[in-house]
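Colleague: Turn this into a structure:
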Amino acid sequence: MAGRRRRRREDEDHSYWLSYSDMMAGLLLMFVIIISFTMMQAKRQYERDAKELAKQQETLEEQETQLKEQQETVSEQEQMLDEQQKLLEEQQKTAEEQQKKLEEQQKTAEEQQKKLDEQQKTAEEQQKKLDEQQKTVEDQQKELTDAQKTLEEQQKTLDEQQKLLDEQKTTVEDQEKKLGEQQKEIDEQQKTVDEQQKKLTDARKTMEEQQKKLDEQQEELDAQRSTVEEQQKKLSEQQDQIENQQKRMEDLIGIRTELVEELREAFSGTATVTVDAKTGAIMFDSNVLFEYNDDELSETGEDFLRDFLPQYFDVLLSDEFREYLSEIIIEGHTDTDGSYIFNLDLSQRRALAVAEFCLEDDSEVLSYQEIQDLRGILTANGKSYSSPIYDEYGDVDMDASRRVEIKFRLKEEEMVDQMMEILSQGRDS
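Modeller: Have a look, this model is predicted:
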């Protein structure tokens with residue numbers, strides 16, 4: 001009776017673990033499918049965004065070409081402004097010379113006017129003397145009635161004075177004639193001065209208008225230069241942002257490739273270890289670790305793991321890859337002999353034996369810190385004969401199928417989220 005109960009309890013436990021294993025296998029399959037779909041979507045999104053980046057690069061090249069043309073136009077305008085400035089300086093110099101000549105002519109005219117004023121003053125003094133002499137003649141004429149003799153003598157004197165007066169009158173007329181001619185010349189010179197003054201005023205007005213246009217052109221040039229500098233700054237910022245985005249994407253995409261390459265280099269000379277070039281999974285024959293149908297590590301297997309595990313975890317737990325590592329999985333696989341449940345139990349116990357060898361407290365293989373790190377990410381799974389290896393003829397290779405694999409899983413979902421964020425930032429910018 002007790003034997004039957006014990007047997008039934010064992011059967012129930014066996015059924016429970018079988019159901020639990022099937023459920024875990026189904027969940028794992030669903031998780032693998034979800035990860036594969038996510039990676040496909042990320043790859044498509046990456047290709048689309050790579051095309052958008054190429055278009056942005058082409059747009060940037062066109063903007064740089066336009067910027068160069070604007071810079072050439074600005075250089076030509078600056079050259080034209082320099083030539084106009086030089087012409088204005090020459091006109092200013094000519095105007096200053098003309099102004100200087102006008103001032104000299106004005107000074108000459110003022111000197112001539114001063115001479116004319118002096119001559120006019122002399123003529124007035126002579127006229128005053130003539131008036132006085134005329135008065136004297138009248139007085140003498142009055143006295144003539146009184147003394148004829150005196151008159152005759154005085155007549156003689158008067159004739160002489162009259163003669164002198166005529167000569168002086170002639171001189172005055174000549175001087176008045178000369179004064180008229182000089183006044184005419186002064187008027188003509190004044191007219192010429194007025195015309196030159198008008199030309200000078202017109203030239204100054206033209207120069208002011210040209211200076212105003214030059215200032216307006218200078219303001220436009222400054223505005224264009226400011227716009228060009230702003231466009232250049234924006235182009236530089238966009239270029240830096242694109243380069244940073246490309247670098248971040250390359251860093252994220254290249255992590256698995258670099259990790260696989262590191263593992264291949266670390267075990268390139270080990271004949272019993274195979275590194276999958278795509279996934280980085282490590283695969284070695286279980287005969288190296290276990291005897292046939294046994295789940296205890298052999299002495300040869302323990303020696304192999306003492307040599308293998310430090311090299312393997314030195315790569316995975318390095319500072320370069322540790323932050324990207326999500327899980328390390330030890331999988332046991334069997335051949336197709338026997339029932340699935342028997343092989344599932346055997347493969348599970350073999351995977352667990354390797355995990356115990358890695359994580360035991362008194363391990364001489366790994367450091368205390370490495371063991372603590374592994375306890376958070378290391379799992380052991382039995383796969384029974386669900387993934388056999390076939391030979392070239394399509395038959396199951398029994399020896400190759402009896403194996404242990406060590407796989408790693410990166411933080412794929414986190415990496416995909418980061419890639420999506422980078423691509424979203426690229427579209428927003």
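Colleague: wait, doesn't Q182 sit right on L116?
Modeller: Yes. Contact criterion CB atoms under 8 Å: Q182 and L116 qualify, at 5.7 Å. Every residue, glycine included, has its C-beta placed from N, CA and C.
Colleague: joint contacts of these two?
Modeller: Shared contacts of Q182 and L116 (CB atoms under 8 Å, 6 or more residues apart in numbering): none.
Colleague: All the helices of the stretch 301-429 of the chain, residue numbers only.
Modeller: Taking DSSP state H, counting those that start in this stretch, the helices of the stretch 301-429 of the chain run over residues 340-359, 368-375, 398-401, 412-428.
Colleague: Could you tell me the least trusted of those?
Modeller: When these are ranked by mean pLDDT, helix 412-428 comes last with a mean of 59.
Colleague: quick one: pLDDT of the nearest residue to T108 once chain neighbours are set aside?
Modeller: Counting by CB to CB, 6 or more residues apart in numbering, T108 lies nearest to Q189, which is 8.0 Å off, once chain neighbours are set aside. Reported pLDDT at Q189 in the predicted model: 78.
Colleague: Please state the offset of the host helix or strand of Q189 from the chain centre?
Modeller: Q189 belongs to helix 148-266 when assigned by DSSP states H and E. Here helix 148-266 is found 42 Å from its chain centre; the criterion is CA atoms, centre = their mean, to the nearest Å.
Colleague: any idea which helix or strand comes after that helix?
Modeller: Using DSSP H and E, the helix or strand that follows helix 148-266 in sequence is strand 274-275.
Colleague: Which strands or helices does the next helix or strand after that following strand pack on?
Modeller: Sequence-wise, the next helix or strand downstream of strand 274-275 (DSSP H and E) is strand 282-285. Applying 3 or more CB pairs under 8 Å, 6 or more residues apart in numbering; DSSP states H and E, one finds that strand 282-285 contacts strand 274-275, helix 299-316, strand 403-410.
Colleague: again, only using 7 Å
Modeller: Judged by 3 or more CB pairs under 7 Å, 6 or more residues apart in numbering; DSSP states H and E, the packing partners of strand 282-285 are strand 274-275, strand 403-410.
Colleague: which stretch in those strands has the least confidence?
Modeller: Minimum mean pLDDT among those: strand 274-275, a mean of 84.
Colleague: roughly how far out does that strand sit from the chain middle?
Modeller: Worked out by CA atoms, centre = their mean, strand 274-275 lies 46 Å from the chain centre.
Colleague: Note down every partner strand of that strand and its orientation.
Modeller: strand 282-285 (antiparallel) (DSSP bridges).
Colleague: hmm, who's touching the strand it pairs with?
Modeller: 272-275, 312, 399, 402-406 (CB atoms under 7 Å, 6 or more residues apart in numbering).
Colleague: and the nearest residue to N287 once chain neighbours are set aside, what does it touch?
Modeller: Leaving aside its sequence neighbours, N287 sits nearest to R402 (CB to CB, 6+ apart; 6.6 Å). By CB under 7 Å, 6+ apart, the contact list for R402 reads 285-287, 333-335.
Colleague: Quick check: ChimeraX command selecting the buried ones in those.
Modeller: In ChimeraX, this line selects whichever of the contacts of R402 come out buried by 16 or more other CB atoms under 10 Å:
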select :285,286,333,334,335
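Colleague: Can you find which helix in the protein contains the most residues?
Modeller: Counting residues, the longest helix in the chain under DSSP state H turns out to be helix 2-144.
Colleague: From the chain's centre, how far out is it? Work that out for me.
Modeller: Chain-centre distance of helix 2-144: 18 Å, with CA atoms, centre = their mean.
Colleague: picking that back up, for E78, state which of the contacts of strand 282-285 is nearest.
Modeller: V275 (65.2 Å; CB to CB).
Colleague: pretty sure the closest one is in contact with E262, am I right?
Modeller: No. Look at V275 against E262 with CB atoms under 7 Å: they stay out of range, at 9.9 Å.
Colleague: I appreciate the help and will end here.
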